[in-house]
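> fold the following, please.
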Amino acid sequence: MTIQSSMTGATPAPFDPSLSLFQLLDPAVHADPYPFYRRLREQAPVMWDPFMHTWVVTRYDDVMLVLKEFSADRTPDPKKMEALGLPSLGPVADLMARQMLFLDAPAHTRLRKLCMSAFTPRRVEAMEGKIHEIAHSLIDAQIARGEMDLIADFAEPFPAIVTAGLLGVPLEDHRQLKAWSATFAEMLGNFQHNPDRIHGVLKCVADMTGYFRDAVREQERNPHDGLIRSLMDAEVDGQRLSEEEVIANTIVTMVGGQETTTNLIGSGILTLTRQPDKLAQLRDNPDIIETALEELLRFETPSQHTARIARHDVELGGQTIRKGDAVMAIMAAGNRDPDRFPDPDTLDLTRTDNRHLAFGWAAHFCFGAALARMEGRTAYTALLGRLGDLRVTADKLEWRANSGLRGLAELPVAFREIAA
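Numbers count the residues shown, from 1 in each chain. As a prediction, the model looks like this:
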C-alpha cells in the first residue's frame, strides 16, 4: 500500500497501516498499547500518519523537543468552526480557546502566572490532611464488604471530592463534577469522535459554564476559601483574569485533576496486582512511595499523548515536518524508550533516574502535578495499608474508549481487611 507520506509534495513512500494510531481503536491494542508503541519507536519513530493526518513522534528525546518547541495553540476559534460548517461547536471552541492548555506565549504565560499565583504549594500542602481523610472514608464505606469496584467506589470519587474542596464548591456536588469531567474529557486527547455525543458535550459545556458562573456570583456575595476565589483575586503585574478566563481555567483544572488521577490509581493498582512481588514490596516498604509513584506514572502513563503544531519547518528523525503540520507527541511511548530508561518494560519501584513525561514538559508542564502526586501517594498508601490479599476478580477488563486519557471503566477487586 502506497500513500503520500505528507502534505509537502514529497515522493510517495510505502506506509504500513498497522502503524497508524487508528490501531489504538482496537480494544486489544488499547488494553496494552506498549508493544504497539515499541513498534513505532523501532520502525517509524517520526512518522506521517495519513489516516490521522498528523505526524507521530514516539522517542523520548523527540517527544521532549515537540513538547518544548512546538505550538499548543491548536483549537479553532468559533469563526473557524463556523467556516468549517460546524457552528454548533462554537461554544466548545470558545471555552477551549480561553484555557491555558491550548495557548502559547504570551497569552499562555499570562494565564499560567495568574493561575499559579492562586494554585500555590502552600494551598496544596494545606490539603494533605483532608485528602488523607477522604481516602480513608471511602475505604471505610467498602471495607466490611471485602470487595468493591475500585474505580466507581474509590478512584473516581476520591479526586472528585478533593477537587470540589479545592475549588470551594459544595462537596456533595462531586458526582456532578465527575460526570461533567468524564464527558468533557472525551475531547481531550481522544480521536475516537462520535457524532452522537456532540449534543451531550454541548450540554455539558453549557451546564459547567453556568454552574461555575453561579459559583463566581456566590463568591461575590459570600467570599470563602477555594481556588475559584483565588483565581478571581489573582493579580500579577497589574493584570487579572476575566470572568470568562476564571470559568474556563476552573473547568480545565477540574477535568485534568480528576481524569488523570482516576487513571493513575486504577492503572497503578492493576499493575501492582499483576506483579504481587512489587505490591508486597511497596506494602512492606512504604518509605519508597516517592520513587514508586514516579515509576507507576512512567510505566502506566495516565495521559498518553498530546497534540502540537509545528511553528516552522523542522528536521526531526530524518523527516521534514513543515510549518503548520499537526504533530502527536506520544508521552507513553517516550516513557518506555530504552535509550532513556534502562529495561523500560520492567516495573522498578526504586528507580531514581526517572524524569518521565507523564506531566508533560517545559511551559505546559502540568501545574497541578504537586496535587496529583499527593493524591497518588495518599491513595496507594491507604489502599495497600488497609486492603490485604488484594486481587482483581474480573476475567476480562474494560478500558474506557479514550486513547489519550487511558483508564479502566471498572476494576472489581476482592480483599481482606488488614488489622490496624
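> tell me where this protein is predicted with low confidence.
1-13, 74-104, 187-197, 364, 420 (pLDDT under 70).
> ok, now with 80
The chain contains residues with pLDDT under 80 at 1-14, 72-120, 186-201, 362-365, 367, 419-420.
> for it, longest helix please?
helix 243-274 (DSSP state H).
> show me the strands in the stretch 51-200 of the chain, by range?
54-57, 147-149 (DSSP state E, counting those that start in this stretch).
> any idea which of those strands is most buried?
Sort those by mean neighbour count, taking mean count of other Cβ atoms under 10 Å, and strand 54-57 sits at the top with a mean of 24. Where C-beta positions appear, they are placed from N, C-alpha and C, glycine not excepted.
> show me what it is in contact with.
6, 21, 40, 44-49, 63, 66, 307, 310, 316-317, 319, 321, 325-330 (Cβ atoms under 8 Å, 6 or more residues apart in numbering).
> ok, it: who's next to it in the sheet?
strand 46-49 (antiparallel), strand 326-330 (parallel) (DSSP bridges).
> go through these and pick out the most buried.
strand 326-330 comes out most buried of those by mean count of other Cβ under 10 Å, with a mean of 24.
> so how far is whichever helix or strand comes after that strand off the chain centroid?
Counting by DSSP states H and E, the next helix or strand C-terminal to strand 326-330 is helix 331-334. Centroid separation between helix 331-334 and its chain, computed with Cα atoms, centre = their mean, to the nearest Å, is 13 Å.
> repeat that for stretch 253-261.
Using Cα atoms, centre = their mean, the offset of stretch 253-261 from its chain centre is 7 Å.
> before we move on, what about stretch 46-58?
With Cα atoms, centre = their mean, you get 21 Å for stretch 46-58.
> same check, this time on stretch 65-73
Put simply, stretch 65-73 sits 17 Å off its chain's centre (Cα atoms, centre = their mean).
> residue 182 is nearest to which of the strands of the stretch 51-200 of the chain?
strand 147-149 (15.2 Å; Cβ to Cβ).
> mind listing the strands the closest one pairs with, and their directions?
In the sheet, strand 147-149 lines up with strand 412-417 (antiparallel) (DSSP bridges).
> hmm, who's touching the partner strand?
For strand 412-417, the external contacting residues (Cβ under 8 Å, 6+ apart) are 143-144, 146-150, 269, 273, 386-394.
> the residues you listed in helices, which ones?
150, 269, 273, 386.
> who's in contact with the third one?
The contact partners of residue 273, taken as Cβ under 8 Å, 6+ apart, are 279, 390-392, 413.
> 7 Å instead?
279, 390-392 (Cβ atoms under 7 Å, 6 or more residues apart in numbering).
> distance check, the residue nearest to it when sequence neighbours are not counted against residue 377.
In space, and not counting its chain neighbours, residue 273 is closest to residue 392: 5.2 Å by Cβ to Cβ, 6 or more residues apart in numbering. According to Cβ to Cβ, to the nearest Å, residue 392 stands 22 Å off from residue 377.
> now residue 213
Separation of residue 213 from residue 377 (Cβ to Cβ): 34 Å.
> and if you look at residue 275?
In terms of Cβ to Cβ, residue 275 sits 19 Å off from residue 377.
> higher neighbour count, the two?
residue 377 (18 against 13; other Cβ atoms under 10 Å).
> what number of residues lie near residue 237?
With other Cβ under 10 Å as criterion, residue 237 counts 7.
> wait, residue 15
19.
> wait, it sits on residue 49?
No: using Cβ atoms under 7 Å, residue 15 is not in contact with residue 49, being 8.2 Å away.
> gap between residue 349 and residue 295?
Using Cβ to Cβ, residue 349 is found at 5 Å from residue 295.
> still on that earlier bit, and of the strands of the stretch 51-200 of the chain, who's closest to residue 202?
Among the strands of the stretch 51-200 of the chain, strand 54-57 comes nearest to residue 202, with 25.2 Å by Cβ to Cβ.
> looking at the contacts of residue 273, spot the one nearest residue 251.
residue 392 (33.3 Å).
> what residues are bridge-paired with that closest one?
With DSSP bridges as the rule, residue 392 is bridged to residue 413.
> before we move on, the earlier item: which of the strands paired with strand 54-57 sits closest to residue 129?
With Cβ to Cβ, the closest approach to residue 129 among the strands paired with strand 54-57 belongs to strand 326-330: 36.8 Å.
> still on that earlier bit, how big is the angle separating the longest helix of the chain from strand 412-417?
Interaxial angle, helix 243-274 versus strand 412-417 (axes from the mean of the first three to the mean of the last three Cα atoms, to 10 degrees): 70 degrees.
> for the very next helix or strand once past helix 243-274, name the packing helices and strands.
Downstream of helix 243-274, the next assigned helix or strand under DSSP H and E is helix 276-284. If contacts are counted by 3 or more Cβ pairs under 7 Å, 6 or more residues apart in numbering; DSSP states H and E, helix 276-284 sits against helix 243-274, helix 369-386.
> buried residues in helix 276-284?
278-279, 281-283 (16 or more other Cβ atoms under 10 Å).
> tally of neighbours for residue 313?
Quick note: residue 313 (other Cβ under 10 Å) scores 12 neighbours.
> now do the contacts for it.
Counted by Cβ under 7 Å, 6+ apart, residue 313 has contacts 320, 322-323.
> distance check, it against residue 329.
Using Cβ to Cβ, residue 313 is found at 18 Å from residue 329.
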